[in-house]
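**Student:** Predicted structure and sequence below. I'll ask about it afterward.
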Amino acid sequence: MQKVNPLLLRDLKAFSGIELPVLETMLATSKSAFYAKGETFFREGEVAARFFVMLDGFLHVVRTTPAGEQVIMRHFGTGEIFGMAPAIGRDTYPATSVAISDCVALSWPMKYWQEFCEITPQFQKNALSAVGERLQGSQDRIVEMATERVENRVAKALVRLVEQAGKPTPQGTLIDVAVTRQDIAEMTGTTLHTVSRIFSAWSSKGIVEVGRKKIEVLSSSRLSDIAGEQV
DNA sequence: CCATTAAAGGATT
DNA sequence: AATCCTTTAATGG
């Protein structure tokens, strides 16, 4: 396991505003590890043993219903803190998180949570604002689910993916992570068939170019038009 | 408008 | 070859 340079951490959201010497002490107790695409960081209901900060890669957070249906709650990327059960008053993980690309992440035993919050209030502040943003996002999603049509929701999900994992290409923006129709369906509360049909329609209009596990947005303006339309 | 079911073909391992 | 991913069409709420 190579050493992580504390200078790199300064630019990550989870660590912003924290002094270098403090970062050094935090790093001393951390574990840096590689997680292959498809690997699980932790599962829903498990006792929360560690909290994580993503250094590179993407994961999604998924909940499974008793009927076995999956719902993708959200995605996390570089610089974000996740698995922070104590920050929301829990001792088990509320959902499962799965690497959707190869990842490198730092993690700490949960006992350091309290310690970090005491050593540097800024750490706690960062965590609190992360919780706030996520709550906000969840509420937005509830409104979205309750009021918008499927095509709208799929467009919004794509816009979010572009923001999080978009990579510019000569023709537009490629979603730089493998996402299937089923994944989009699990993010938007619909079926893969409907997603497939929507993609086909957008593709023939030249809004996107799609393939197997590949989505490229050719006209982000037309996509956000669809995302913005209310019924 | 959208879910379900069914069928079929291409891609990936 | 087996499994995964996607498309298309028909049907019905």
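**Tutor:** Done, it's in.
**Student:** which residues of chain A fall in helices?
**Tutor:** For chain A, applying DSSP state H gives helices covering A:6-9, A:20-28, A:111-119, A:121-147, A:150-165, A:181-188, A:192-204, A:220-228.
**Student:** DNA strand C contacts on chain A?
**Tutor:** Applying Cβ under 7 Å from any atom of the strand, one finds that chain A approaches DNA strand C through A:180-182, A:192-193, A:196-197, A:199-200, A:203, A:210, A:212-213. Placement of C-beta: from N, CA and C, glycine included.
**Student:** By neighbours, which of those wins?
**Tutor:** When neighbours are taken as other Cβ atoms under 10 Å, the top entry among those is residue A:181 (22 neighbours).
**Student:** how far away is that residue from DNA strand B?
**Tutor:** 11 Å (Cβ to the nearest atom of the strand, to the nearest Å).
**Student:** Could you double-check that that residue sits in contact with residue A:197?
**Tutor:** No. Using Cβ atoms under 8 Å, residue A:181 makes no contact with residue A:197, being 9.6 Å away.
**Student:** domain ranges for chain A?
**Tutor:** A:6-143, A:148-228 (automatic domain parsing).
**Student:** would you list those in a markdown table and tack on mean pLDDT?
**Tutor:** What follows is those, written out as a markdown table (pLDDT from 0 to 100):
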| stretch | mean pLDDT |
| --- | --- |
| domain A:6-143 | 95 |
| domain A:148-228 | 95 |
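**Student:** Could you double-check that residue A:107 sits in contact with residue A:30?
**Tutor:** Yes. In terms of Cβ under 8 Å, residue A:107 counts as a neighbour of residue A:30; the distance is 6.8 Å.
**Student:** ok so, going back, report the set of residues contacting both of residue A:181 and residue A:197.
**Tutor:** Here residue A:181 and residue A:197 have no joint contacts, going by Cβ atoms under 8 Å, 6 or more residues apart in numbering.
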